[in-house]
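S.K.: here's a sequence, model it:
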Amino acid sequence: MTEHGFRCDAGGQSITDAVVGAARAIVCADSLPAAERVIGSLSLCCDTFAKSIWPDVAWRFSGLTTDGCPLEFTFSSVDNALRFTVDVAAPEVRNCDRIVAACDLAGRSGYRRPDSNMLERWMQMQRCHNLSWGARLGVRALGSRRAAKFYVEVPVAAQQFIQSSIKPPLSESIAVMVGHEPEYGIAEYYFRQQLLSKVQMDRLLGALCNEDERATMIAGIEHVCGMPIASALEWTGLGYSVALQDGQKFPPRLALFLRSSAIGGACRASQRLLSCTLAEVRERSFYYELFSDLPARLLPDHGVVSISCVRPSVAEMRVGLSGMAVGRLVRSFHGQTKAEEVAQCLAH
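M.R.: Modelled structure (predicted):
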C-alpha cells in the first residue's frame, strides 16, 4: 500500500527521505556553500510531521500545495537557490498557535526570530479571528547566504492592522498575508485583488516602478500569461505584494501572482519558466535537468506563479512545486534515483 506513490511507513520516513533527497539534488546542481545548513533545517521541518499524533494525514493536510504536502520547493528563472516554504507544525496544532511554532522552528534551525513587539502585534492581529493556516516559514540558500522568512496570515476582519503599517496601492485590495525577514529587516505585504483594470494596473506599476521596470514587468506578465497585457488582465486574476525594507520610503519592490491553472496548467507554466531562465542559470539548473524533457503527463502542479523585476531589464518568474511531487520524481528511475542522475550530469 502506498501514500501518494510512497511506501507507507511509520512517520512517513520514505516521504521524508525523498524530500531531503530532492533538496540535496537541487544543491548539487550549483554547489551552494550554505546548503548543508539549510538541508539540516529542512530535515528538522520534516521531523515535525514525523512526530505528529496523526501520522496518516501529516503529509497531506496542508493548503500550501494542491496535493496537501506541507512543504513546497520554489524554482526561479534567475538563480538556482534552494528555496522551500513549510507549514511549521503538525496538523493537530491549532492555527492560532502557529506563529509561536514558526518562531520555535526558526530558532531551532538557527535563524533569527522576529522581535517581541512584532510578534505581539501579529498575535493581536490574529486573536479572536478565524484562520485558515496561521503561519508558515520560508527558508532559502543562495551562495554563502541563508535566510528565513516568516509568513503570517492576515484575517479578512483585521485589515486595520495592515493599513496602520502600509497604505495599499489600490484601495480595493484585501491584505491576505505578511512576510517578514528579520535578517534583512524586510516586510512584504500580500494583497488579493479582483480582476485588475488597465487603469488599476497602470496605477499599481506607476506608483512602484520607474519606466524601465514598468516595461519589464509588463513584458514579464505577457510572457508568463502568453497573451497581451489587456487580455491577461481580463482572463487571469493577479494578486500582488509590496516589499519594504526598514527605513525605506521609496521605491518598494513589487511582485505579481497568479495560479498556474490560470495560464493553462503545469505544462505551460513549465515551458515558460524554461524559456525565460537565464542561460548561465540553465547550465547548472536542477529544474532544467529534471523537467526540460519530462512528458507533460508527469508534470506536477506548478502552484502559484510569481513575476517580479530583479533588474531594470530582467523579470523573474518563480513557480512552487510540492515537496512530495519533486521527491517522487527524483526517485522514479529504477537502479538510480533522478537526484543521483542529475547530480552526476551536472558534475561533468
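
S.K.: where exactly do the helices run in the stretch 201-348 of the chain?
M.R.: Under the criterion DSSP state H, counting those that start in this stretch, helices of the stretch 201-348 of the chain are mapped to 211-225, 229-235, 266-276, 279-282, 286-291, 323-330, 338-347.

S.K.: using JSON lines, lay out the ones you listed together with mean neighbour count.
M.R.: Quick note: C-beta positions are derived from backbone N, CA and C, even for glycine. As requested, these are arranged in JSON lines below (neighbours: other Cβ atoms under 10 Å):
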{"stretch": "helix 211-225", "mean neighbour count": "19"}
{"stretch": "helix 229-235", "mean neighbour count": "15"}
{"stretch": "helix 266-276", "mean neighbour count": "19"}
{"stretch": "helix 279-282", "mean neighbour count": "12"}
{"stretch": "helix 286-291", "mean neighbour count": "22"}
{"stretch": "helix 323-330", "mean neighbour count": "26"}
{"stretch": "helix 338-347", "mean neighbour count": "17"}
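
S.K.: turn those into TSV, including mean pLDDT and distance to residue 146.
M.R.: Formatted as TSV, the helices of the stretch 201-348 of the chain follow (pLDDT from 0 to 100; distance: least, Cβ to Cβ, whole Å):
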stretch	mean pLDDT	distance to residue 146
helix 211-225	94	27
helix 229-235	93	35
helix 266-276	97	24
helix 279-282	94	19
helix 286-291	93	18
helix 323-330	93	18
helix 338-347	50	20
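
S.K.: got TSV for the ones you listed, with distance to residue 71 too?
M.R.: Formatted as TSV, those follow (distance: least, Cβ to Cβ, whole Å):
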stretch	distance to residue 71
helix 211-225	24
helix 229-235	30
helix 266-276	18
helix 279-282	23
helix 286-291	16
helix 323-330	4
helix 338-347	16
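
S.K.: wait, which of those helices is closest to residue 95?
M.R.: helix 323-330 (20.7 Å; Cβ to Cβ).

S.K.: for the protein, give me the ranges with low pLDDT.
M.R.: Applying pLDDT under 70 to the chain picks out residues 1-11, 29-34, 208-209, 247-251, 333-348.

S.K.: all the strands of it, residue numbers only.
M.R.: Per DSSP state E, the chain carries strands over the ranges 2-3, 6-7, 71-76, 82-87, 135-142, 145-153, 174-181, 186-192, 239-245, 253-259, 304-311, 314-322.

S.K.: ok, back up a step: out of the helices of the stretch 201-348 of the chain, flag the one nearest residue 19.
M.R.: Of all these, helix 323-330 sits nearest to residue 19, with 4.4 Å by Cβ to Cβ.

S.K.: for that closest one, packing partners?
M.R.: Helix 323-330 sits against strand 6-7, helix 13-29, strand 71-76, helix 286-291, helix 338-347, with contacts defined as 3 or more Cβ pairs under 8 Å, 6 or more residues apart in numbering; DSSP states H and E.

S.K.: export it to CSV, keeping only CA atoms.
M.R.: Provided in CSV are the C-alpha atoms of helix 323-330 (Å, rounded to 0.1, in the frame of the first residue of the first chain):
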residue,chain,number,x,y,z
GLY,A,323,8.0,18.6,-2.0
MET,A,324,6.3,15.2,-2.3
ALA,A,325,5.9,15.6,-6.1
VAL,A,326,9.5,16.5,-6.6
GLY,A,327,10.7,13.8,-4.3
ARG,A,328,8.6,11.2,-6.2
LEU,A,329,10.1,12.3,-9.5
VAL,A,330,13.7,12.1,-8.2
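
S.K.: between strand 71-76 and that helix, find me the angle.
M.R.: Angle, helix 323-330 to strand 71-76, by axes from the mean of the first three to the mean of the last three Cα atoms, to 10 degrees: 70 degrees.

S.K.: ok, for residue 118, nearest residue in space, not its chain neighbours?
M.R.: Counting by Cβ to Cβ, 6 or more residues apart in numbering, residue 180 is the residue found nearest to residue 118 once chain neighbours are left out, at 6.9 Å.

S.K.: how close does that neighbour get to residue 45?
M.R.: Taking Cβ to Cβ, to the nearest Å as the measure, residue 180 falls 18 Å from residue 45.

S.K.: same question for residue 21.
M.R.: For residue 21, the distance to residue 45 under the criterion Cβ to Cβ works out to 15 Å.

S.K.: which one's more surrounded, these two?
M.R.: residue 45 (26 against 18; other Cβ atoms under 10 Å).

S.K.: let me know how buried the spatially closest residue to the more buried one that is not a sequence neighbour is, in neighbour terms.
M.R.: Distance criterion Cβ to Cβ, 6+ apart; nearest residue to residue 45, sequence neighbours excluded, is residue 86 at 4.6 Å. Residue 86 is flanked by 27 other residues according to other Cβ under 10 Å.

S.K.: contacting residues around residue 86?
M.R.: Residues near residue 86 by Cβ atoms under 8 Å, 6 or more residues apart in numbering: 42, 45, 64, 70-72, 136-139.

S.K.: which among those residues gets closest to residue 299?
M.R.: Looking across the contacts of residue 86 and measuring by Cβ to Cβ, the closest to residue 299 is residue 72, at 15.4 Å.

S.K.: what's near enough to touch that closest one?
M.R.: 64-65, 84-86, 303, 320-323 are the contacts of residue 72 under Cβ under 8 Å, 6+ apart.

S.K.: quick one: those as TSV, columns for distance to residue 228 too.
M.R.: TSV is the format used below for the contacts of residue 72 (distance: Cβ to Cβ, whole Å):
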residue	distance to residue 228
64	32
65	31
84	34
85	32
86	37
303	25
320	26
321	28
322	32
323	35
